[in-house]
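**Student:** sequence unknown, structure follows:
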């Protein structure tokens, strides 16, 4: 009885299998190497600091460590020197294009005002026009600014419903007139609103909220803040009523201070638990102006820690006030 020999694969097929095996082995080795290096960088972060000069990046690691031991930023960045170089390159090349459409006398292009607790929005509108990052050439732009101000709408008594319609019509006009939105579906576009009315006014334009970058003073999940793309704008009350405070710890005899309305759960708890603490200055309502001029601001001067609890929104101008008056701010969220 004859037994047939098993068929032998052609030489070309064997070569293919050999090549595939080699590529697979190479891929596995590469993966292992990257995994090892990544883990090593986490356990033993780089010793470069943000002050490392460019030529030092090529120097032996031991010399870099010795030269920058006093300013080691490796806990923040794996390669601070590289980050610094990239940041410097960004400052040279980064550009923002401002859409020219919209009447400045209505809701566009210019801020409502540069004073009050929403002054951050006003200064952004003003400063972006004077910034070296601005470009008049949209093809050089990295980002596109949509210059519509819901704060101006509020100043003119516009209802929320009409705000939404105005925002939608304006954005849709930009989309139909220019090609830039459709290139990324708005991912490289941004708008700025400090007042929470601006967040409410844009909720009716879902493609704007979902795709574009929202620069807001109230980075709350309650208003759909998306951390991977949206940006928090610090809220600053302008102008400051009194000069900046100093490092005069001996004059700061109060441990902690807060005064305001109990318009959130955390504020209610704060007032209930701390208002009778003799080391703290806690007022569960606004300070009566009739009691004297600038009493609220003067309390910052004599306090070590200024408590900044979230109210109806998480943002608060108290943080900037605390820093200005030399008091350490402490934020409490709901």
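**Tutor:** Perfect, I can see it now. In this text, all values refer to a predicted model and were calculated from it rather than measured experimentally.
**Student:** For residue 157, which three-state class applies?
**Tutor:** What DSSP: H, G, I helix; E, B strand; the rest coil gives for residue 157 is coil.
**Student:** scratch that, residue 152
**Tutor:** Three-state call for residue 152 (three-state DSSP): helix.
**Student:** How are the strands of the protein distributed by residue range?
**Tutor:** 96-98, 134-135, 143-145, 189-193, 213-216, 231-232, 254-259, 280-283, 303-309, 328-332 (DSSP state E).
**Student:** Present these as JSON lines; the columns should include distance to residue 105.
**Tutor:** All C-beta atoms are positioned from the backbone trio N, CA, C, and that covers glycine. Below are the strands of the chain laid out as JSON lines (distance: least, C-beta to C-beta, whole Å):
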{"stretch": "strand 96-98", "distance to residue 105": "17"}
{"stretch": "strand 134-135", "distance to residue 105": "22"}
{"stretch": "strand 143-145", "distance to residue 105": "19"}
{"stretch": "strand 189-193", "distance to residue 105": "19"}
{"stretch": "strand 213-216", "distance to residue 105": "24"}
{"stretch": "strand 231-232", "distance to residue 105": "28"}
{"stretch": "strand 254-259", "distance to residue 105": "39"}
{"stretch": "strand 280-283", "distance to residue 105": "42"}
{"stretch": "strand 303-309", "distance to residue 105": "37"}
{"stretch": "strand 328-332", "distance to residue 105": "38"}
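**Student:** Any stretches of the stretch 1-150 of the chain with poor pLDDT?
**Tutor:** 1-74 (pLDDT under 70).
**Student:** any low-confidence regions in the stretch 201-334 of the chain?
**Tutor:** Per-residue confidence for the stretch 201-334 of the chain (pLDDT under 70) gives these ranges: 219-223, 263, 284-292, 312-315, 332-334.
**Student:** The closest residue to residue 114 other than its chain neighbours: neighbour count?
**Tutor:** In space, and not counting its chain neighbours, residue 114 is closest to residue 122: 4.4 Å by C-beta to C-beta, 6 or more residues apart in numbering. Per other C-beta atoms under 10 Å, the neighbour tally for residue 122 reads 22.
**Student:** what's the answer for residue 234, then?
**Tutor:** Residues near residue 234, counting by other C-beta under 10 Å, number 12.
**Student:** before we move on, back to that, how much space between the residue nearest to residue 114 and residue 233?
**Tutor:** Distance, residue 122 to residue 233, by C-beta to C-beta, to the nearest Å: 11 Å.
**Student:** Then residue 91?
**Tutor:** Distance, residue 91 to residue 233, by C-beta to C-beta: 20 Å.
**Student:** Check residue 251 too.
**Tutor:** In this view, residue 251 and residue 233 are 32 Å apart by C-beta to C-beta.
**Student:** more neighbours, the two?
**Tutor:** Using other C-beta under 10 Å, the more surrounded residue of residue 251 and residue 233 is residue 233, with 19 against 10.
**Student:** quick one: the more buried one and residue 195 touch, right?
**Tutor:** No - Residue 233 is not in contact with residue 195 according to C-beta atoms under 8 Å; the separation is 11.1 Å.
**Student:** Name the residues contacting each of those two.
**Tutor:** Shared contacts of residue 233 and residue 195 (C-beta atoms under 8 Å, 6 or more residues apart in numbering): 121, 217.
**Student:** what's the residue most central in space within the chain in contact with, if anything?
**Tutor:** Nearest to the mean C-alpha position of the chain, counting by C-alpha atoms, centre = their mean, stands residue 231 at 3.5 Å. Residue 231 makes contacts with 190, 213, 214, 215, 216, as judged by C-beta under 8 Å, 6+ apart.
**Student:** ok, now residue 134?
**Tutor:** Neighbouring residues of residue 134 by C-beta under 8 Å, 6+ apart: 95, 96, 97, 98, 128.
**Student:** what's the answer for residue 197, then?
**Tutor:** Neighbour list for residue 197: 150, 151, 153, 154, 160, 163 [criterion: C-beta under 8 Å, 6+ apart].
**Student:** Good, we can wrap up now.
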